[in-house]
Structures are given as structure tokens and as C-alpha cells.
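> Okay, predicted coordinates and the sequence, questions at the end:
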Amino acid sequence: MNILKWEQLPENLQTEEVRKYYDILKKKKGSLFFKRVFDLFFSVIGLIVLLPVFLILAIAIKIDSPGPVFYRQERVTQYGKSFRIHKFRTMVQNADKGSQVTVNNDSRITHVGRVIRNCRLDEIAQLFDVIQGTLTLVGVRPESPKFVDEYTNEMLATLLLPAGVTSLASIYYKDEAKLLDGVQDSDKVYVEKILPSKMYYNLKGIEEFSFWGDIKIMFMTVFAVLGVEYKGDLLVEDAFPEEEIAAK
């Protein structure tokens, strides 16, 4: 995994705020190399091991509701490039014509989709994206273009690396959908409250990036899926004003 020369970066990334994080990553060439090797090795092994699960999910999704097996929404990855992410479909067809933020009791979620979401199985299809290089196993979760357009100059530093399947922010905000239950304008609340909080951890992750740090996050992700609760130094509840918490 390589980082472009400074002058080759997209113009919107060539800012003083991004330069700090760029200089940190340029000193991590060894970790970035092993990161890509790790991505390829474990993604290929994962696809082989999980093939029966893929087949079962595909059949269940097709039986449950009309539409494709995979959900291919446009997302943004390294250097601001767009790609179509692979996720097992958990919502009705054309659900993305509404809000792009999903709440816990979202009526668009199918019966099988709710089970898949609860077991966190919709994300495993992203192994295809990791092999293609559009995603990495550990990195900032890929956002849709409409949310990337809301990034501050400092937040844009997260585009120096490929987007990821999991991260510290993903672990701390694994119940993000529950937080948005009952919120009238979920997209607005996400941009103004949750996104800045998640970016705190995402940017901190770049500052402290190391290959072994990625391994630690992978283990934390497995434990989080199994029910272990992790809390960061910025409380999830801090993303919401007191009146919104009371309303929930």
C-alpha cells in the first residue's frame, strides 16, 4: 500500500490540516506494506472459509424479498475516489432513495435483513472490496459522497488511506442505529453530531497508526461482535444534546 507524493494528491487534500497526517503516514512505509499483505491473505482465506455462509445468506435474501443479493451503494475511499461497496442486502429494493442513515427500527429493513444486521453479517461481503484494493480491513468506514461533502479540511485527511471494514469508531459506535431512533432528521443529526465524534477516533487512528495496532482492532472487532462493550474517551452520548437524549 503506497501513499502518493504530496504534489500528486488531489488539490483538496493539499492543505495544512492534511499535511500533519500525511507526514505521519509517510514514515510508516513498513506498516503500510504489511497492512496490504495482511488484507490480501486474510480476505482470501476469509472468502474460502465463509463460502457456505455466503451461499446461505444469498438464498435467504432472495427468498425473503425481491431484489439483488448485494447492496451496491456508492461510497468514497482513498483520495476521494468513488466505488460501489459490496454489502449483503438487508433492506427493501431502492431503500437508498430515502435517508442514507439507517435507524434501529427502520421500516425499510427486511425480516432476514434484521437478522443479518444483528449478527453483523452484512459486512462480510466487503472482503471482495478488500481484495480489489478499494477497502482495507482496518480503516475509516466509507461514507457516501453526500456526507464526504460535509468534511472539514482536517477530516479529509482520512482519505489518505483506503476506507476500511472496521475501525475504533465502528467499534465504539456499533449501535449507531439505536442512537438515531426517534430522531426526526437523521441525516442532519448524523452530520452535526455523530460524524464529528467518529472523526475524533478516525483522525486519532491515523496519528497512532501501526500494523500491530490494526491487529489489535481486528481482535476488538471480533469481541465486539460477540457482545463485548468498548467505550472510548469520548462518550457516545456526547454526540447528542440533552434534549434529544430525553426525547428518546
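Received it, and whenever you're ready, just let me know what you need. Only a predicted model underlies this, so the values are computations on that prediction, with no experimental measurement involved. Numbers count the residues shown, from 1 in each chain.
> May I see the buried residues of stretch 119-129?
Residues of stretch 119-129 classed as buried: 121, 122, 123, 124, 125, 126, 127, 129 (neighbour count, 16 or more other C-beta atoms under 10 Å). To be clear about C-beta, it is placed using only N, CA and C from the backbone, and glycine gets the same treatment.
> no, scratch that, I was asking about stretch 210-222
With burial defined by 16+ other C-beta under 10 Å, the residues of stretch 210-222 counted as buried are 211, 214, 217, 220, 221.
> Quick check: residue 42 vs residue 9, distance?
Residue 42 sits 29 Å away from residue 9 when distances are taken as C-beta to C-beta, to the nearest Å.
> for residue 229, same thing?
Counting by C-beta to C-beta, the gap from residue 229 to residue 9 is 38 Å.
> what does residue 66 give?
From residue 66 over to residue 9 the distance is 43 Å, taken as C-beta to C-beta.
> Might you report the residue contacts of residue 123?
When contacts are counted by C-beta atoms under 8 Å, 6 or more residues apart in numbering, residue 123 touches 87, 165, 166.
> Then residue 3?
The contact partners of residue 3, taken as C-beta under 8 Å, 6+ apart, are 22, 25, 26, 32, 160, 161.
> ok, the third one - how many residues close by?
Residues near residue 26, counting by other C-beta atoms under 10 Å, number 13.
> do the one 4 residues further on as well
Counted by other C-beta under 10 Å, the residues lying close to residue 30 total 10.
> That one sits in which helix or strand?
Assigned by DSSP states H and E, residue 30 belongs to helix 29-64.
> For that helix, buried residues please.
Under the neighbour-count rule (16+ other C-beta under 10 Å), helix 29-64 has 31-32, 34-36, 38-39, 43, 47, 54, 57-58, 60-61, 64 buried.
> Then stretch 6-15?
In stretch 6-15, residues buried by neighbour count (16+ other C-beta under 10 Å) are 9, 13.
> end to end, how far does that stretch reach?
End-to-end distance for stretch 6-15, by C-alpha to C-alpha, to the nearest Å: 10 Å.
> repeat for stretch 137-156
Using C-alpha to C-alpha, the end-to-end distance of stretch 137-156 comes out at 20 Å.
> Now it: buried residues?
Residues 137-144, 147-148, 151, 155-156 are the ones in stretch 137-156 that count as buried (16+ other C-beta under 10 Å).
> Going by distance to residue 75, which of the residues you listed wins?
Within those, the smallest distance to residue 75 is 3.7 Å, found for residue 142 (C-beta to C-beta).
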